[in-house]
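>>> Structure for this input, please:
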Amino acid sequence: MGSAVFAVVKMMPWANALSICGSVAASLKPGQVFFAGFDMSPATAKAVKEGYQELVIDQQPYLQGYLPILNICLTKKFGFSGLDINTAGAFVDPNNVDAIAPLAAQEIR
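Residues are numbered from 1 along each chain as shown. Next comes the predicted model:
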């Protein structure tokens, strides 16, 4: 073990447990562990397609950028109050990843 890594493990004993868990996880095959995450990207789409990840919460970044601008326009034009919209309501899994993966590559989803 390198001296820098040893120093971290000595200061934070839980780090050794994490490195052991990481090495065990690296040896697992698709479908041997249930894994979910957040933020769609080409890498997470690939992980879902290959069976390493089962579920991703999609924050829909296009909406995160578009809706505030729309809100500003509506406020200016009609005096609307602020909007509170949760854009993280979409889920991506093996059933719909093929439809969403190209959009994730474009940073729309």
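>>> Break down the protein into its strands, ranges please.
Assigned by DSSP state E, the strands in the chain fall at 36-38, 55-58, 90-92.
>>> how about a markdown table for those strands, with distance to Pro68 added?
C-beta coordinates here come from the backbone N, C-alpha and C atoms, glycine included. Below are the strands of the chain laid out as a markdown table (distance: least, CB to CB, whole Å):
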| stretch | distance to Pro68 |
| --- | --- |
| strand 36-38 | 20 |
| strand 55-58 | 18 |
| strand 90-92 | 18 |
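>>> would you list these in a markdown table and tack on mean neighbour count, mean pLDDT and distance to Gln64?
Formatted as a markdown table, these follow (neighbours: other CB atoms under 10 Å; pLDDT from 0 to 100; distance: least, CB to CB, whole Å):
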| stretch | mean neighbour count | mean pLDDT | distance to Gln64 |
| --- | --- | --- | --- |
| strand 36-38 | 13 | 84 | 13 |
| strand 55-58 | 19 | 88 | 11 |
| strand 90-92 | 17 | 90 | 12 |
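>>> Quick check, Phe91 in contact with Leu55.
Yes: Phe91 is within contact range of Leu55, at 6.1 Å (criterion: CB atoms under 8 Å).
>>> Counting residues, which helix of the chain comes out longest?
helix 61-78 (DSSP state H).
>>> For it, buried residues please.
For helix 61-78, burial by neighbour count (16 or more other CB atoms under 10 Å) applies to Leu63, Asn71.
>>> Distance from the chain centre to that helix, please.
How far helix 61-78 lies from its chain's middle: 24 Å, per CA atoms, centre = their mean, to the nearest Å.
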